[in-house]
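In: how does the following fold in three dimensions:
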Amino acid sequence: MEKNSKRIIIGLSVFCFMTFILLIFIALPKSSMKALSFGQVNSEKFITYLNNIDSKATTGVDYEGMYIDLITEQLSSGKIVFKTPEVMRKGDKEDVQLLLSLNEDSKKLLERIDATSSDKVEEALIRVSNRMSAVLSGSGFKVVLITPEEQLISLDKPTEWRWEITSLEKGKNCLYLSLNALLYLGSEKSPQTIRTFQKEIVVNYPFWCSFKDFFRSNWQWLWTTLLPGAIWLYIKRNKKPRRHSPTKPSKLQKPINVEDNIC
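Out: Sure, this is the predicted structure:
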């Protein structure tokens with residue numbers, strides 16, 4: 001009987017302990033569970049957040065903002081290599097490439113980048129979440145996204161973003177790159193900007209291209225205006241003037257002798 005009672009007590013203890021653990025996980029908000037996936041969280045700040053998560057309306061303290069700051073501080077570090085053209089010609093197309101890695105060093109990332117001598121490559125160290133987005137924009141360019149904007153970050157392999165840009169305006173134009181960590185508050189996704197970059201690209205436009213574009217956009221007007229004038233000028237230059245031949249004296253007419261007219 002004593003052995004059976006001990007087994008029953010041990011079984012009840014294990015059952016109560018497992019039930020207690022299960023209730024804790026059920027009671028925790030989903031956003032708190034998400035926090036655990038971003039690394040080790042400061043225990044004091046995390047407990048403060050859990051104790052006050054429902055008291056924002058009464059205290060006026062933004063605990064959601066506090067939670068975002070808490071997660072951002074605990075994000076892992078990663079390296080990026082960002083390639084852009086330094087000089088372009090108006091109307092040309094070029095590739096923009098971004099590589100992000102948690103493990104590889106800058107040297108290996110530079111070997112993976114498809115850069116030429118005319119490209120500008122920048123390296124940086126940023127904070128990385130398990131899901132990131134990269135947004136490229138610029139008023140003087142047409143930007144076409146080749147890879148997905150939002151991507152899961154691999155622990156072993158570099159994550160790549162690519163864009164195709166077309167230059168639209170001559171002069172010094174800027175491209176803007178925004179790297180965002182995708183965090184979650186419950187089931188709601190909340191992008192958090194980690195870092196932004198600005199790249200200046202010089203767009204040249206040869207003088208002869210201006211005439212080419214002018215004729216291409218105004219060929220109908222030029223056709224109706226210049227063609228009649230060209231035809232008139234051609235006819236005028238090729239028209240032969242009539243020559244008046246001198247009158248010859250008639251065979252019956254006696255030539256006038258000047259001496260006969262002298263008195």
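In: can you give the domain ranges for this structure?
Out: The record, using automatic domain parsing to delimit domains, assigns the chain the ranges 2-73, 77-207.
In: can those domains go into TSV with extra columns for mean neighbour count, distance to residue 237 and mean pLDDT?
Out: Backbone N, C-alpha and C define where each C-beta goes, glycine included. Formatted as TSV, the domains of the chain follow (neighbours: other CB atoms under 10 Å; distance: least, CB to CB, whole Å; pLDDT from 0 to 100):
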stretch	mean neighbour count	distance to residue 237	mean pLDDT
domain 2-73	12	79	58
domain 77-207	16	31	91
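In: distance to residue 228 added to those, as JSON lines?
Out: Conversion of these to JSON lines gives the following (distance: least, CB to CB, whole Å):
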{"stretch": "domain 2-73", "distance to residue 228": "71"}
{"stretch": "domain 77-207", "distance to residue 228": "29"}
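In: nearest to residue 238, out of the ones you listed?
Out: The minimum distance between residue 238 and the domains of the chain falls on domain 77-207, with 34.1 Å, by CB to CB.
In: all helices for the stretch 51-200 of the chain, in order.
Out: Listed from the start of the chain, the stretch 51-200 of the chain has helices (DSSP state H, counting those that start in this stretch) covering 56-59, 63-73, 106-112.
In: could I get the last one in PDB with only the CA atoms?
Out: Output in PDB follows, covering the C-alpha atoms of helix 106-112 (Å, rounded to 0.1, in the frame of the first residue of the first chain):
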ATOM      1  CA  SER A 106      32.700  40.500 -45.700                       C
ATOM      2  CA  LYS A 107      35.400  39.000 -47.900                       C
ATOM      3  CA  LYS A 108      33.200  36.000 -48.800                       C
ATOM      4  CA  LEU A 109      30.200  38.200 -49.400                       C
ATOM      5  CA  LEU A 110      32.200  40.400 -51.700                       C
ATOM      6  CA  GLU A 111      33.200  37.300 -53.700                       C
ATOM      7  CA  ARG A 112      29.500  36.500 -54.200                       C
END
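In: list the contacts of that helix.
Out: Applying CB atoms under 8 Å, 6 or more residues apart in numbering, the set of residues contacting helix 106-112 from outside is 79-81, 99, 101, 121, 123, 158.
In: strand partners (parallel or antiparallel) of the longest strand belonging to the chain?
Out: Ranked by residue count under DSSP state E, the longest strand found in the chain is strand 188-204. Strand 188-204 has these partner strands in its sheet, going by DSSP bridges: strand 87-89 (parallel), strand 171-185 (antiparallel).
In: just to revisit the earlier point, can you list the contacts of helix 106-112 in TSV and add distance to residue 69?
Out: Putting those into TSV (distance: CB to CB, whole Å) gives the following:
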residue	distance to residue 69
79	24
80	22
81	28
99	28
101	26
121	32
123	27
158	28
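In: out of the residues you listed, the closest to residue 12 would be?
Out: After measuring these against residue 12 - CB to CB - the closest member comes out as residue 101, at 51.0 Å.
In: ok, and the closest non-adjacent residue to that closest one?
Out: Nearest in space to residue 101, with sequence neighbours left out and distances taken as CB to CB, 6 or more residues apart in numbering, is residue 158 at 4.2 Å.
In: backbone torsions only: list them for that neighbour.
Out: Comment: the main-chain dihedrals of residue 158 come out as phi -70, psi 150, following degrees, to the nearest 10.
In: was I right about it contacting residue 100?
Out: Yes: proximity of residue 158 to residue 100 meets the contact threshold set by CB atoms under 8 Å, at 6.4 Å.
In: and the residue nearest to residue 101, how close does it get to residue 198?
Out: Residue 158 sits 23 Å away from residue 198, taking CB to CB, to the nearest Å as the criterion.
In: next: residue 66.
Out: 30 Å.
In: between the longest strand of the chain and helix 63-73, how many degrees?
Out: Strand 188-204 runs at 60 degrees relative to helix 63-73, counting by axes from the mean of the first three to the mean of the last three CA atoms, to 10 degrees.
In: ok, and what's touching strand 188-204?
Out: When contacts are defined by CB under 8 Å, 6+ apart, strand 188-204 is touched by residues 68, 72, 75, 82, 84-90, 120, 122, 124, 126-128, 132-133, 140-141, 167, 169-184.
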